[in-house]
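1. Quick one: sequence and predicted model below, then my questions.
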Amino acid sequence: MFQLGKTIISEDIIEKEFVCNLTSCKGICCVEGDAGAPLEKEEAKILEDIYPKVKPFLSDKGIKAIEEQGTWIKNDFDELETPLIDDAACVYTIFDQNGAAKCGIEEAYNNGEVDWKKPISCHLYPIRIRKYSDFSAINYHKWEICDDACSLGKELQVPIYKFLKHALIRKFGESWYKELETVAEKQQ
């Protein structure tokens, strides 16, 4: 672990390799698991505001689940997250013609309907952030459904922090990311 400002970062972020391999996994991370995508407080408000523009991009099942549960929920730990369809797929999940899961929010973004790409937790995956009172811990979330992404990352020699450059800059800013790059270069 090392520290940058108010973040404590797992060395896995610079040592492990990862590149999403959607042709292999079909976006299963949006479907599997036992919880929705973690949300920041301000993201819950964003989801409420943009829902009318995102709704045309969603599946009927997703829309029904949102109408029953809301655009976001609180879990048993009082944390915010996206709701699920039948305790499985995220309500914002849609599928392309090849059966790969995609994000309906991101589809609305790509079509110029909204100016918010998707929840930062989704954009940052496989990084997970845990906030504490004085700092945030940044860790690699290893999940066997992403083994193909690990293999592709190793083949292409792309460490996690480089694969997630835009997401990390979105979350922490350009100067923080440049500091991360400096630490990574020194450790190589």
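-> Yep, it's here.
2. Give me the buried positions along the helix or strand where residue 147 lies.
-> If you go by DSSP states H and E, residue 147 is part of helix 147-156. Under the neighbour-count criterion of 16 or more other C-beta atoms under 10 Å, helix 147-156 has 148, 149, 150, 152, 153 buried. From N, CA and C alone the C-beta is placed, and that goes for glycine too.
3. Run through the strands of this structure in chain order.
-> For the chain, the strands defined by DSSP state E cover 2-4, 7-9, 73-74, 80-81, 84-85, 89-90, 93-95, 101-103, 127-131, 136-140.
4. circling back: return the list of helices and strands in contact with the helix holding residue 147.
-> Here helix 147-156 touches helix 22-25, going by 3 or more C-beta pairs under 8 Å, 6 or more residues apart in numbering; DSSP states H and E.
5. quick check: mean pLDDT across the helix it packs on?
-> Average pLDDT, helix 22-25: 84.
6. CA atoms only: put it into CSV for me.
-> What follows is helix 22-25, C-alpha atoms only, in CSV (Å, rounded to 0.1, in the frame of the first residue of the first chain):
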residue,chain,number,x,y,z
LEU,A,22,-16.4,-8.1,-23.5
THR,A,23,-16.2,-10.7,-26.3
SER,A,24,-15.5,-13.4,-23.7
CYS,A,25,-17.3,-12.2,-20.6
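7. Rank the helices and strands of this protein by mean pLDDT and give me the bottom one.
-> When the helices and strands of the chain are scored by mean pLDDT, DSSP states H and E, helix 22-25 comes last with a mean of 84.
8. Buried by neighbour count: which residues of it qualify?
-> So, applying 16+ other C-beta under 10 Å, buried residues of helix 22-25: residue 25.
9. Tell me how far that helix lies from the chain's centre.
-> Distance, stretch centre to chain centre, for helix 22-25: 16 Å (C-alpha atoms, centre = their mean, to the nearest Å).
10. Any chance you could list what contacts that helix?
-> By C-beta atoms under 8 Å, 6 or more residues apart in numbering, the surrounding residues in contact with helix 22-25 are 100, 145, 146, 148, 149, 152.
11. okay if I get those residues as CSV plus pLDDT and distance to residue 53?
-> Below are the contacts of helix 22-25 laid out as CSV (pLDDT from 0 to 100; distance: C-beta to C-beta, whole Å):
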residue, pLDDT, distance to residue 53
100, 89, 23
145, 82, 30
146, 86, 30
148, 90, 33
149, 91, 30
152, 91, 33
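12. List just the nearest of those residues to residue 32.
-> Closest to residue 32 out of the contacts of helix 22-25 is residue 145 (5.8 Å), distances taken as C-beta to C-beta.
13. neighbours of the closest one, just the number please.
-> Neighbours of residue 145 under the rule other C-beta atoms under 10 Å: 15.
14. I appreciate the help and will end here.
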